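> I'd like to go over a predicted model; first the sequence, then the structure.
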Amino acid sequence: MILFPNCKINLGLHILRKREDGFHDLETVFYPLPLMDALEIILPPSPVSDLAFTASGLKVEGTISDNICIKAYHLLKNDFPQLTPIAMHLHKTIPMGAGLGGGSADGAFALVLLNKKFNLGLAKEQLIQYALQLGSDCPFFINNTPCFATGRGEVMKPIELDLSGYQFAVVNPGIHVNTGWAFSQVSPSANRPSLRDMIRRPVEEWKDRLVNDFEAPVGRQHPEIPAIKKMLYEQGASYAAMTGSGSTVYGIFPRTVTLHLPFPAHYFVKII
């Protein structure tokens, strides 16, 4: 059984306040994009005593035991001991540590795959609660539709937002931004117009309205990021911004625009 975990972008991201539990309340709009990994789960042809995990594509950092797909398996097995050992293969295409939620998607899709493979009967709301234990962005990928998110990102309300009439350029300069550091650079503020209201305006009006609070401090630390954004606007983007805590920058373009993106060869560049 195979699924294709996709990435997301943030259309605006406001850090509202720091909570007593150490997390932050935020608001953002999550939008899925069809840039995908591949995740396959099979039952081994012969009995094995443990979970087998392999990976290909972009190198997955860290030990196998730290992989979010493995964590998803053990999270479910704690409550469903009938889960038998499996073989799992992950092919990585989505850049990691890039603000695209690729790892979160892999973890969430692993939960969905296991739920189907073993007929666990978990409803979406139950899967969302498991996904939240894996990471703040993970619950989004259970629904995987445009939504306005609050809390840590797990309180989601679907919104009507169709950007299929546009093309996207996704550019990652190969910079890893530490999320904890990025949060430390932001001064939370709740006294701003809601992103839920601003997102209803035409895309062409977003440039001066939609703000990712991480973008300014991360851009000061890594000037490549504002340089990418500048080039995307020069190429005719209706809107461009950094996603998440970085370092990926995306541009939203009319489909009539022919894109020529002369970024350095080591940059990850994808037109969707």
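Yes, it's here. What you see is a predicted model; the values in this text were computed from it and never measured.
> how far away is the most centrally placed residue in the chain from A131?
Nearest to the geometric centre of the chain sits G101, at 1.9 Å (Cα atoms, centre = their mean). Distance, G101 to A131, using Cβ to Cβ, to the nearest Å: 12 Å. For glycine as for every other residue, the C-beta is placed from the backbone atoms N, C-alpha and C.
> who's in contact with the residue nearest to the centre of the chain?
G101 makes contacts with 7-8, 137, 140-141, 244, as judged by Cβ atoms under 8 Å, 6 or more residues apart in numbering.
> quick one: A105 and I94 touch, right?
Yes - counting by Cβ atoms under 8 Å, A105 touches I94, with 7.2 Å between them.
> residues in contact with the helix or strand of the chain with the lowest mean pLDDT?
Least confident helix or strand, the chain: helix 179-184 with a mean of 89, by mean pLDDT, DSSP states H and E. Contacts of helix 179-184 with the rest of the structure, by Cβ under 8 Å, 6+ apart, involve 15, 24, 214, 217-218, 245-246.
> show me where the stretch 151-272 of the chain has its strands.
Using DSSP state E, counting those that start in this stretch, the strands of the stretch 151-272 of the chain run over residues 155-158, 166-172, 239-242, 249-254, 268-271.
> other SSEs contacting the third one?
Pointing back at strand 239-242 there. strand 6-18, helix 215-221, helix 224-234, strand 249-254 (3 or more Cβ pairs under 8 Å, 6 or more residues apart in numbering; DSSP states H and E).
> before we move on, what about the fourth one?
For strand 249-254, the helices and strands in contact under the criterion 3+ Cβ pairs under 8 Å, 6+ apart are strand 166-172, helix 224-234, strand 239-242.
> most packed of those?
Across those, the average number of neighbours (mean count of other Cβ atoms under 10 Å) peaks for strand 239-242, which reaches a mean of 23.
> pairing partners for that one, with directions?
If you go by DSSP bridges, strand 239-242 pairs up with strand 249-254 (antiparallel).
> return the set of buried residues in the partner strand.
Within strand 249-254, the residues scored as buried using 16 or more other Cβ atoms under 10 Å are 249-253.
> all helices of this structure, in order?
For the chain, the helices defined by DSSP state H cover 68-79, 102-117, 124-134, 140-143, 179-184, 195-198, 215-221, 224-234.
> pLDDT averaged over the longest one - what is it?
Rounded to a whole number, the mean pLDDT of helix 102-117 is 96.
> check the last one too.
For helix 224-234, mean pLDDT is 97.
> need the residues that contact it.
So helix 224-234 is contacted by 169, 171, 173, 175, 207, 215, 218-219, 240-242, 246-247, 249-251, 261, 263 (Cβ under 8 Å, 6+ apart).
> sorry, back to before: report the separation between the residue nearest to the centre of the chain and Y31.
Computed as Cβ to Cβ, the G101 to Y31 distance reads 11 Å.
> can you list residues touching both of the two?
Counting by Cβ under 8 Å, 6+ apart, the contacts common to G101 and Y31 are K8.
> sorry, back to before: need the residues touching each of G101 and A131.
What both G101 and A131 touch, as defined by Cβ under 8 Å, 6+ apart, is the set F141.
> which residue packs closest to T28, ignoring adjacent ones?
Spatial nearest neighbour of T28, excluding adjacent residues (Cβ to Cβ, 6 or more residues apart in numbering): L13 at 4.4 Å.
> state the distance from the one you found to A182.
As for L13, its distance to A182 is 11 Å (criterion: Cβ to Cβ).
> quick revisit: from the contacts of G101, which one has the minimum pLDDT?
Across the set of the contacts of G101, D137 stands lowest in pLDDT, at 87.
> show me what contacts that one?
Neighbour list for D137: 8, 101, 104, 153, 244 [criterion: Cβ under 8 Å, 6+ apart].
> same list (the residues you listed) but as TSV, adding distance to L161.
Output for the contacts of D137, formatted as TSV (distance: Cβ to Cβ, whole Å):
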residue	distance to L161
K8	13
G101	17
S104	20
G153	17
G244	18
